[in-house]
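A.B. asks: Following is a predicted model, sequence given first.
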Amino acid sequence: MPSPIQNPRILLSHCRLHSPFPPKPHPTVSRHIHRPSRPLLRASSAAQQTLSTPTPTSSDILSVRESILSRRKTATEVAGEYLDRLRRTEPLIRSFVHVADEEAVMRQAAEIDGRVERGEEVGELAGVLVGVKDNICTVDMPSTGGSRILEGYRPAFDATAIGRLKELGAIIVGKTNLDEFGMGSSTEASGFQVTANPWDTSRVPGGSSGGSASAVSARQCMVSLGSDTGGSVRQPASFCGVVGMKPTYGRVSRFGLMAYASSLDVIGCFSSSVTDTAILLHAISGYDRFDATSSNIEVPDYASQLVPMDHFESKPLKGLRVGMIRETLGDGVDAGVVSSIQAAAVHLEELGCTVTEVSMPSFSLGLPAYYILATSESSSNLSRYDGVRYGNQIAADEINSLYGDSRANGFGPEVKMRILMGTYALSAGYYDAYYKRAQQVRTLVQKSFKAALEQNDILISPAAPTPAYKIGEKTNDPLAMYAGDTMTVNVNLAGLPALVVPCGVVEGGPAGLPVGLQMIGAAFDEAKLLNVGHIFEQTLQSNGFVPPLLTNC
Amino acid sequence: MALVYFRGIRTSHLRFPLITPFPRRNGVPFCAMRSLDTQTRTPTDNPKGQVKADASENQPKTLERNTSGFETIIGIETHVQLSTLTKAFCGCPYTYGSQPNTTVCPICMGLPGTLPVLNSKVISFAVKLGLALNCKLSMRSKFDRKQYFYPDLPKGYQISQFDIPIATGGFIDLDLPLEFGGGHRKFGITRVHMEEDAGKLLHSETGSHSQLDLNRAGVPLLEIVSEPDMRSGVEAAEYAAEIQRLVRYLGVSNGNMQEGSLRCDVNVSVRPIGQSKFGTKVEIKNMNSFSAMNRAIDFEISRQVNLHNQGQADQIVQETRLWEEGSQRTITMRKKEGLADYRYFPEPDLPEVVLTDDFVDSILSSLPELPEMKRRRYEGMGLSMQDVLFIANDVNVAEFFDAAVEKGADVKMAANWIMGDIAAYLKNEKLSINEIKLTPQELAALIASIKGGTISGKMGKEVLFELISKGGTVKSIIEKNDMVQIVDPSKIEALVDKVLAENPKQLEQFRGGKTKLQGFFAGQVMKVSKGKANPMLLNKILIEKLNAKS
Ligand SMILES: [Zn+2]
């Protein structure tokens, strides 16, 4: 199959047959849009239709690999196309805080071409262009964590995940924007710039890995790495209409990831297809002797375990027990989102799953517990940014002023607020009431997930209660912003894996706004999630979730 | 790695006191750039580990030593730097005296994105020490973060253990040196926990800036907290000396105070006898030898008692005081304003520390004989307490002694040789007992040769010095130097006859009543025998011949 990612015109023609973002909803996609009261029965007949006319989402990694190895295209050509598109789209969405030196990228691509020409082995990710969230250390590029306090900081080492990608031939195209140190849900809290959503540039891409999500969505890179502490991969994946994976805690080494909340942080993946996420996750997973919390459980070859589409039976997910978390579809959840998720549930039923509602009463406790634990840990993790050894320093006559001025100047307001909250929660006399209590809630949440996952193979929920909102809409209302994390934080508290796949489009913006379905699995059960996600994606009637930015730019 | 500057900070010594002395080393680059202040004198640690007997020698005359009517309460926090090959949480080595910032890596420098991974040796060492201190081990413990800002603390927190230390509730036995009146003591150990060391700040002479050396950052420490069981400077110093002995016996630390491998912070309070409430606790730091500890504590006790006696007890405040070796007094370093809130919480980057019974058992069975056990055993062997304390003080000496006795050496003679000529030689040459060529086997052989009469004690000394400096065996040295004692009475008789014949005048005088001349004859006979005549036989035969009427 030819790569769908060539230039926008070709891409447009590739998508035209199925859904070129009609100004008015086309009947086949309209089932996802603003029809919250639509009975499930009718949706099910629509879903049946989708099964008969699937639009497979193809793997960029596999098609590029195929092109390069068959010499239909060189890695240099592929890199050139991506860099070209990156340059054209970047002024509109500003996904990157640092773009790799073009010559360096082309040099790496040429090296791969040389190897292919000489008939030498190339890595599994040869020529794959990767965007990397800027809180992940890269030795040859600045790594700022989105914070002014680390402006221009260049790490002395590559994060373990980066090292593994490079070893397999991947090419890093740049460092993507984020909420400062991962603290935020819209990427507006970046110390450097605001990133826009490729589906509607007046909207946020989500956060904190907003740059990584928008970059993949706009095909500025094939795949990207993000980090997920409370939903920072899954919510932007949902907002930008891409696949996002939050692996089990300990699946991927955190070495080289600037810590926000160490007991919750995990590096995750973005891609435009489940297959690519499977390939990327396999590449970065596994035990690392530099991370004592990394797991030595064997890493399956996720991609090879995906059922190929031509092997799909009529009910490829027959017998799979899916629990729909009741608490995630109640008050405060956008009606369009609810109906999208319900339609997705119907789709899963059509694929053979048994979908039942499951209640998790402790679900609402997760959000406050998360904010106590995450801020507590962050208040400690960010202590090292003191201006003494590296980063921006405000010189002062005595040490306390140096600390105070450097940190006051270097950190943004959201980070300061979280440091203060966390410091408070850990203070003598408050520790038991806050931190300890939150840990108890965490245990409760873990138990409730365990119970729910004994009854079900996977759990589903929205990835976010709303689609992408307007830039500036929630910046003055932190509680509203925090409430947006309600779907995702529990998963981090429990340390479980969760996959977000685009499942529908709701009204909004020039061409609708994507909605993501969150699938939650048992610990280290990524393979199952990827397999379900792959089948779901391949059988979903969609346009491949290509944002309008690409058709206009 | 380049020198890390502590940029643009002006400091005063009051704000940044030199807690740990950093001896001036000429020729290293950082000194060449700007010479650094070394206010603290190079201390004199007693290499024998025993508290010096001159405890009251340097007492400032201004302070009365009368502390009657008061009771002193002393508790000690000891930091023991572990002699693991690598640091606690990264792969860096640590060598005392390395050039600044040469044994560092992104992890111990606390760079963004780095994570600690525990060196498992730290756990074995902690378990060893915990068991040796008769503690109860926590089979499940954890690490916590102790948070405070200080430039020598790269992460802004120290990885330590807070509410679940690896070992708790132990005790230590020791014997006070005889010069301090002797006596056995048992002091309680509250807890032992694992933590990491911080770097060092080096302050410029002018106070205009400071420099940061992170070589020591992340080096593993065990903190040992004692119960407040000590009552005098001597007891406190001897407690510290016993800890030093213990860590050296266990091989977990070199216990060197000057290098900061063993650091003691002492809490001292006094109260009138009969008062139930504790007095205000004052912490003393910066003592670089056991005798300094002893003097610092006695000074502090006197200072506090004097304030009590002058009705100024309210001037004893909770504070940290520094021992000044130069002026032999303690001075205020910082007052404690309320309790510091370290905001401890469990270290999320490190898994729990879980000990298995098998692991503990294997360490327990590998423990060496500890100082207290050795002392009790030596006592049982009939050695005097002075001998016991001397030999058990240094694990190498004790092992040498044990090996010699095992090879059949007479216990008392072995002790005498070790404490006498061997110790003197070691002291002169500044060597340790396992750096000389003498083996325990040959010491045993030497003692046997003397005891069996093969050589005289005097010859024995000559043999000993050759064994120490050149090695070899007692047998070969005796043979080579023809040192075998003459024990054949007829040979000695011939020698006596020869001497008497050659000294008729003296013989006449002797027989005329000048019996003191017997010594002269004995000396002459010994001389012609080249020192080899058996003295007892010689004397016996000489007396017979002298008194024989011819
Ligand atoms: Zn290191």
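C.D. replies: Perfect, I can see it now.

A.B. asks: helices or strands up against the helix or strand harbouring A:Asp84?
C.D. replies: Element membership of A:Asp84 [criterion: DSSP states H and E] is helix A:75-93. If you count contacts as 3 or more Cβ pairs under 8 Å, 6 or more residues apart in numbering or on different chains; DSSP states H and E, helix A:75-93 packs onto helix A:60-69, strand A:96-99, helix A:102-117, strand A:129-133, strand A:171-176, helix A:548-552. Where C-beta positions appear, they are placed from N, C-alpha and C, glycine not excepted.

A.B. asks: Name the stretch among these that sits most buried.
C.D. replies: strand A:129-133 (a mean of 31; mean count of other Cβ atoms under 10 Å in any protein chain shown).

A.B. asks: sorry, back to before: which stretch among the helices and strands packed on helix A:75-93 approaches A:Thr443 most closely?
C.D. replies: Of all the helices and strands packed on helix A:75-93, strand A:129-133 sits nearest to A:Thr443, with 29.7 Å by Cβ to Cβ.

A.B. asks: show me where the stretch 251-400 of chain A has helices.
C.D. replies: Along the stretch 251-400 of chain A, counting by DSSP state H, counting those that start in this stretch, helices occupy A:274-284, A:335-350, A:366-381, A:399-410.

A.B. asks: Report the rounded mean pLDDT for the shortest one.
C.D. replies: Computed over helix A:274-284, the mean pLDDT rounds to 98.

A.B. asks: Then stretch A:546-553?
C.D. replies: 82.

A.B. asks: now do stretch B:478-490
C.D. replies: 81.

A.B. asks: Centre of the chain to it, how far?
C.D. replies: 43 Å (Cα atoms, centre = their mean, to the nearest Å).

A.B. asks: Outside of that stretch itself, which residues are in contact with it?
C.D. replies: B:449, B:453-456, B:459, B:462-463, B:477, B:492, B:495, B:529-530, B:532-534, B:537, B:541 (Cβ atoms under 8 Å, 6 or more residues apart in numbering or on different chains).

A.B. asks: Buried among these? Need that as a selection in ChimeraX.
C.D. replies: Selection of buried members from these for ChimeraX, criterion 16 or more other Cβ atoms under 10 Å in any protein chain shown:
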select /B:449,454,455,456,459,462,463,477,492,495,529,532,533,534,537,541
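
A.B. asks: Could you say which of the helices of the stretch 251-400 of chain A is packed most deeply?
C.D. replies: Comparing the helices of the stretch 251-400 of chain A by mean count of other Cβ under 10 Å gives helix A:274-284 as most buried, with a mean of 27.

A.B. asks: same for that helix, what does it pack against?
C.D. replies: helix A:60-69, helix A:160-167, strand A:223-227, strand A:243-246, strand A:267-271, strand A:498-506, helix A:526-539.

A.B. asks: In CSV, list these along with mean pLDDT and distance to chain B.
C.D. replies: Formatted as CSV, the helices and strands packed on helix A:274-284 follow (pLDDT from 0 to 100; distance: least, Cβ to the nearest Cβ, whole Å):
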stretch, mean pLDDT, distance to chain B
helix A:60-69, 95, 26
helix A:160-167, 98, 10
strand A:223-227, 98, 11
strand A:243-246, 98, 17
strand A:267-271, 98, 11
strand A:498-506, 97, 20
helix A:526-539, 97, 21
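
A.B. asks: coming back round to it: the contacts of stretch B:478-490 in strands, which ones?
C.D. replies: Using DSSP state E, no member of the contacts of stretch B:478-490 falls within strands.

A.B. asks: got the residues of the stretch 251-400 of chain B near chain A?
C.D. replies: B:Leu339, B:Asp341, B:Arg343, B:Tyr344, B:Phe345, B:Pro348, B:Asp349, B:Leu350, B:Pro351 (Cβ under 8 Å from any Cβ of the partner chain).

A.B. asks: Show the contacting residues for the second one.
C.D. replies: Translated: B:Asp341. Counted by Cβ under 8 Å, 6+ apart, B:Asp341 has contacts A:Ser427, A:Ala428.

A.B. asks: With the third one instead?
C.D. replies: Under the criterion of Cβ under 8 Å, 6+ apart, the neighbours of B:Arg343 are A:Ser379, A:Ser380, A:Thr423, A:Leu426, A:Ser427, A:Ala428, A:Tyr431, B:Arg145, B:Gln147.

A.B. asks: Grab the nearest non-local neighbour of the fourth one.
C.D. replies: Read it as A:Leu426. With sequence-adjacent residues excluded and distances taken as Cβ to Cβ, 6 or more residues apart in numbering or on different chains, A:Leu426 is closest to B:Arg343, at 4.0 Å.

A.B. asks: Which helix or which strand is home to the one you found?
C.D. replies: Counting by DSSP H and E, B:Arg343 is found in no helix or strand.

A.B. asks: State the distance from it to B:Phe162.
C.D. replies: 10 Å (Cβ to Cβ, to the nearest Å).
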